[in-house]
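**Q** take this sequence and fold it.
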Amino acid sequence: MTMINFLKGHPTRTIIPVKEIANAYSKVLLDSDYLSYDSDPNNQHPLAYGTDPGNLDVRTTISNWVNDKYQIQSTSADLINLTAGASYGVANILASTTTPQLTKKAFVVTPTYFLINSVFVDAGLGDDLIAINETSSSEYDIDLEKLESELQKFGKTGVDTILKDPRGERKIYQFVMYLVPTFSNPGGMTYSLKTREKLLQLARKYDMLLISDDVYEFLNYASTTTIPPPISKINQIDQKTVSNKYGNSISNATFSKIIAPGLRVGWQESATPALVHQLSVTGANKSGGTPSQLSTLVVANLIESGKLDTIILNFKSVYAERAQVLKKSIKKYLPANTQVDGGDGGYFLWIKLPKEIDNHAVIEQLAQKGVVIPSGEGFEVLGSNNKQRWGDHCVRLSISYLTTEEIEQGVKIWGETIVELGNK
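**A** The predicted structure is shown next:
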């Protein structure tokens, strides 16, 4: 039985740019001896331990590329540190900027990325999570009224906690918040500029660090969708939104979604160099240097050669077609009042089924037929007070992994199963 798996959030192997990656590795390893790096404290050989924030040349290449993408010249190399991808990035941020004793609460947008809860548990914040709902029916794209109420309840204004250790100052935030503001995972939403600016106002007032998983920004495949700048760029541009020398936002980005996850390369943009330095001297990072040193130079080569932009265009073309097929299939095979969010960019669509359908029974029956559809209950924020019962009627569907034929076939089986179980 062939498995049709709507859970997997990574590219189909056939569209991964294998030759381009192989050529870039060859160029980095064989076409230059990097003699100039031998006495350069800011750059290290591809096969050596990297510098703490990452090679300066690589960070410069990435910052120029990001500025060109947004047509906003706010990012520079000293506002970037390199990571081993977005998951590592969040863990490193929490290790650096929070402590269970001093950080009051961690806010997580719901529905949320299903693996993020464990990162907060590892940081000692598992009992301090508060869910903040996405919403498409109010002034803002998330429930900022509840967020502000919780900030007032648990925090104070005018807080700026600085610890000292042998590595220097360490900024500890009173609150942190995790969100995916562009083509959100799993909700498929893109937050407005108004929402992003209001979040920064609250973050500045209540000493909160906004951790934005900006991993789908460049996978915009609907020409009608305008992407506001990342919160970190707003923070960089408008220095009134910088409450102290560390700022209140980090754009946690990755090349996993736009090249290949196996490279394990990401980057973070902060509002100030002070936060970049703090993130680059965590224990593991200080010991081993920037993660994935070789792969960071491979990524820089793909950017400089123009190959990365071509790779992204191909991904966008493939995903646009798959998203269209998915939406048409849902309209064709599922109940008429099924609600679809997303499908203009990124990987995921969030589907809300009519209340009369027994979502759990349908999903269980589909699994026996070889169709994997992840229930919404897997996208809850940890904690009994945070449950929204997403699993009763919602599912998340990925378009990154399946072909158009598999997508339509899977939705067709889904619709037939709903009818079989008497849920019309």
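**Q** check contacts around the closest residue to Gly378 other than its chain neighbours.
**A** Leaving aside its chain neighbours, Gly378 sits nearest to Phe114 (4.7 Å; criterion: CB to CB, 6 or more residues apart in numbering). From N, CA and C alone the C-beta is placed, and that goes for glycine too. Going by CB atoms under 8 Å, 6 or more residues apart in numbering, Phe114 touches Pro186, Pro374, Gly378, Phe379.
**Q** dump those to a markdown table, plus neighbour count, distance to Thr290 and pLDDT.
**A** Converted to a markdown table, the contacts of Phe114 look like this (neighbours: other CB atoms under 10 Å; distance: CB to CB, whole Å; pLDDT from 0 to 100):
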| residue | neighbour count | distance to Thr290 | pLDDT |
| --- | --- | --- | --- |
| Pro186 | 31 | 30 | 96 |
| Pro374 | 22 | 34 | 96 |
| Gly378 | 16 | 33 | 95 |
| Phe379 | 25 | 32 | 97 |
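**Q** please enumerate the strands of the stretch 151-300 of the chain.
**A** Along the stretch 151-300 of the chain, counting by DSSP state E, counting those that start in this stretch, strands occupy 161-165, 168-172, 175-179, 208-213, 249-254, 266-270.
**Q** dump the ones you listed to CSV, plus mean pLDDT.
**A** Formatted as CSV, the strands of the stretch 151-300 of the chain follow (pLDDT from 0 to 100):
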stretch, mean pLDDT
strand 161-165, 92
strand 168-172, 93
strand 175-179, 98
strand 208-213, 97
strand 249-254, 96
strand 266-270, 96
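**Q** and those: which comes nearest Ser223?
**A** Nearest to Ser223, of all these, is strand 249-254, at 22.8 Å by CB to CB.
**Q** Glu416: which of the strands of the stretch 151-300 of the chain is closest?
**A** Nearest to Glu416 among the strands of the stretch 151-300 of the chain is strand 208-213 (35.6 Å), distances taken as CB to CB.
**Q** which strands or helices does the closest one pack on?
**A** Packed against strand 208-213 by the contact rule (3 or more CB pairs under 8 Å, 6 or more residues apart in numbering; DSSP states H and E) you find helix 86-97, strand 175-179, helix 193-205, helix 231-237, strand 249-254.
**Q** out of these, which is the most enclosed?
**A** Ranked by mean neighbour count, these are led by strand 249-254 with a mean of 28 (mean count of other CB atoms under 10 Å).
**Q** number of nearby residues for Gln44?
**A** Gln44 is flanked by 21 other residues according to other CB atoms under 10 Å.
**Q** tell me the contacts of it?
**A** By CB under 8 Å, 6+ apart, the residues touching Gln44 are Tyr37, Gly50, Thr51, Asn55, Gly289, Gln293.
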